[in-house]
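Asks: Give me a model of this one.
(chains A, B, C and D)
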2 protein chains.
Amino acid sequence: MTLAKIRPIENFSQVDKIEMSLQEYLRAENFQPGDALPKEMELAEAMGVSRTAIREALSRFRTLGIIESRKNRGMVIAKPDVLNNMERVLDPQLLDDETMNEIFEMRLVIEMGLGDVLFLRKHNANFSLLEKIVEKEERATTQLDIVECDIEFHSMLYKLSGNKTIMRFQKLLRPVFDHVYAKLSENAEAYTDNTLNDVTPVTHRDLLHTLKYGNPEQFRNQMYTHLFDYFKELNPALRAASS
Amino acid sequence: MTLAKIRPIENFSQVDKIEMSLQEYLRAENFQPGDALPKEMELAEAMGVSRTAIREALSRFRTLGIIESRKNRGMVIAKPDVLNNMERVLDPQLLDDETMNEIFEMRLVIEMGLGDVLFLRKHNANFSLLEKIVEKEERATTQLDIVECDIEFHSMLYKLSGNKTIMRFQKLLRPVFDHVYAKLSENAEAYTDNTLNDVTPVTHRDLLHTLKYGNPEQFRNQMYTHLFDYFKELNPALRAASS
DNA sequence: GTCATACATATGTCGTACATATGTATGATT
DNA sequence: AATCATACATATGTACGACATATGTATGAC
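Replies: Alright, predicted model coming up:
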């Protein structure tokens, strides 16, 4: 055993090496979406490995959406969907609590920052959709309906931002968000009621009004107040107590 | 040919079906990180397919980080890294301009919303690190040094947020951010200078001071002003002109 | 009881053969 | 000559069988 150090990171599988080699090759040759890749056999021969190994490496790229392949057309570089890979893994059943709390927080952060984009795109925004949701909420009676309208309202804000990536990101994070919120709520039932003590609550109608007639600064501050319930949950002391 | 409709979405590959079947199985049986999976041969026999096909389906899960496998220990459910999959695909060379613009914007949104988390965790924040960066920046002479300090400052804000997921997200988005910004800058050289016309610029020192002695509201507004140059680039008219 | 050795086992790699779908060339029909 | 149907070639998809390799377990020597 001539182990220079405790474990020379020759821990890489053969397929791992092939994958890296391929990645480098694609970069170096400046492959772009639509470009055709060499055939599997050519790659296998060029790298001196079996087709099986090559295929497994290619399978990884295919899984990530970097390449696509069809029966006789061969393989081509694809335009990967950045969020799709994340989506397949965002399973509350698999993620640990810390990560989910951080994702929960991330969604709040995005929601806070979203206001400025909304004002940036105000001119072509369709406020009537938002208006409808607010009205529906005000007519709602059951708690379930109210919650549903709440979700709709915030989803619509994302939609109005005009940023499809952010919108998809929100949709994608929702299960985690709901999961964390449900968990936090049951650990701290009293918190839903004593919010009125410190600040005047900001309704969705308030936000809509500010969006239409106010300025970004007002909107930011109102949104913070509106989300304050959630932000409170993120207090480290509370977090420690709930874990 | 008994095609009921033009194309019954039997377009799924065999491996696709195996993958779905496995996914469902894992959900139904409530598999959790650490749990061992059946052996490849058992799965193959149970589903009536070859080990090759099973292995390709499993390879996808392995690629996504849902499972891990070692030589004799078999396979176990893993805790997937939500961002790792995204990272492997965030290649400016592969993504289209629209997506990259949206990611650029997303980073701004996060940066805007980050302030409130910073104030939430103020008490255990280490401002001296931020202080050092600001000082270094003020002593900097070359444009390159200044840019570097700028990046350092904002990175440090992420770090001080205490949210590791958001922090990693920022690191991950940086290449795209830089790529888009470089592109925007060269298309609109004049914009760097005429910022002083409308608003008084907010320096990093201002931000630091507000973070220490001010309140979230002030910080939000200052950060918006600080990032205004970037936000301006997102003006739809400018975006259309640059594409 | 500790250590070294041999064995069993599950994943990793390989080679080959065949299935399947897609593109291309061939040839018949009008 | 243009169009359509057919046959063929080709590259990926699937399958099977064999062996390599690493890890856990049992066996046995001292």
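
Asks: hey, let's count contacts and neighbours off CA atoms from now on
Replies: Will do.

Asks: Find the least confident helix or strand in chain A, judged by mean pLDDT.
Replies: One helix or strand of chain A scores below all others by mean pLDDT, DSSP states H and E: helix A:236-242, with a mean of 46.

Asks: OK, contacts around the residue nearest to A:M41 when sequence neighbours are not counted?
Replies: Distance criterion Cα to Cα, 6 or more residues apart in numbering or on different chains; nearest residue to A:M41, sequence neighbours excluded, is A:R51 at 6.2 Å. Residues in contact with A:R51 (Cα atoms under 8 Å, 6 or more residues apart in numbering or on different chains) are A:E40, A:M41, A:A44.

Asks: Give me the buried entries from those.
Replies: For the contacts of A:R51, a burial check counting by 16 or more other Cα atoms under 10 Å in any protein chain shown picks out A:E40, A:A44.

Asks: okay, the contacts of A:R51 in JSON lines with distance to DNA strand D, pLDDT and secondary structure next?
Replies: Shown next, in JSON lines, are the contacts of A:R51 (distance: Cα to the nearest atom of the strand, whole Å; pLDDT from 0 to 100; DSSP: H, G, I helix; E, B strand; the rest coil):
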{"residue": "A:E40", "distance to DNA strand D": "4", "pLDDT": "96", "secondary structure": "helix"}
{"residue": "A:M41", "distance to DNA strand D": "6", "pLDDT": "95", "secondary structure": "helix"}
{"residue": "A:A44", "distance to DNA strand D": "10", "pLDDT": "95", "secondary structure": "helix"}
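
Asks: what's the closest of the contacts of A:R51 to chain B?
Replies: Nearest to chain B out of those is A:E40 (Cα to the nearest Cα; 15.7 Å).

Asks: for that closest one, what are its contacts?
Replies: Neighbours of A:E40 in contact, by Cα under 8 Å, 6+ apart: A:R51, A:I54, A:R55.

Asks: Name the helix or strand for the residue sitting nearest the centre point of chain A, please.
Replies: Note on chain A: the residue nearest the mean C-alpha position is A:F169, at 3.5 Å, using Cα atoms, centre = their mean. Using DSSP states H and E, A:F169 sits within helix A:164-187.

Asks: How about A:L26?
Replies: Going by DSSP H and E, A:L26 is part of helix A:14-28.

Asks: Next one: that helix, is it in contact with DNA strand D?
Replies: No - legend: contact between helix A:14-28 and DNA strand D by Cα under 7 Å from any atom of the strand is lacking; minimum distance shown is 10.2 Å.

Asks: Identify each buried residue in that helix, please.
Replies: For helix A:14-28, burial by neighbour count (16+ other Cα under 10 Å) applies to A:V15, A:I18, A:E19, A:L22.

Asks: what does chain A put close to DNA strand C?
Replies: A:13-16, A:49-53, A:70-73.

Asks: B:T200: which of the residues you listed is nearest?
Replies: The closest of the residues of chain A next to DNA strand C to B:T200 turns out to be A:D16 (Cα to Cα; 52.4 Å).

Asks: can you pull the pLDDT of the closest one?
Replies: The per-residue pLDDT reported for A:D16 equals 95.

Asks: Which parts of chain A are strands?
Replies: For chain A, the strands defined by DSSP state E cover A:67-70, A:74-77.

Asks: is stretch A:206-224 anywhere near chain B?
Replies: Yes - applying Cα under 8 Å from any Cα of the partner chain, one finds that stretch A:206-224 is in contact with chain B at A:E217, A:R220, A:N221.

Asks: Can you report how many residues lie near the residue nearest to A:H179 when sequence neighbours are not counted?
Replies: The spatial neighbour of A:H179 that comes closest, neighbours along the chain excluded (Cα to Cα, 6+ apart), is A:P92 at 7.2 Å. The local packing of A:P92 (other Cα atoms under 10 Å in any protein chain shown) involves 16 other residues.

Asks: right, and A:P92 touches A:D178 too?
Replies: No - with contact defined as Cα atoms under 8 Å, A:P92 does not reach A:D178; the gap is 9.9 Å.

Asks: which residues are common contacts for the two?
Replies: Common contact partners of A:P92 and A:D178 (Cα under 8 Å, 6+ apart): none.

Asks: how much space is there between A:M223 and DNA strand D?
Replies: The gap separating A:M223 from DNA strand D is 48 Å, by Cα to the nearest atom of the strand, to the nearest Å.

Asks: now A:E102
Replies: Distance from A:E102 to DNA strand D, by Cα to the nearest atom of the strand: 33 Å.

Asks: Now do the contacts for that residue.
Replies: Counting by Cα under 8 Å, 6+ apart, A:E102 touches B:N163, B:K164, B:T165, B:I166.

Asks: if you set the cut-off to 10 Å instead, what comes out?
Replies: By Cα atoms under 10 Å, 6 or more residues apart in numbering or on different chains, the contact list for A:E102 reads A:L108, A:F177, A:V180, A:L234, B:G162, B:N163, B:K164, B:T165, B:I166.
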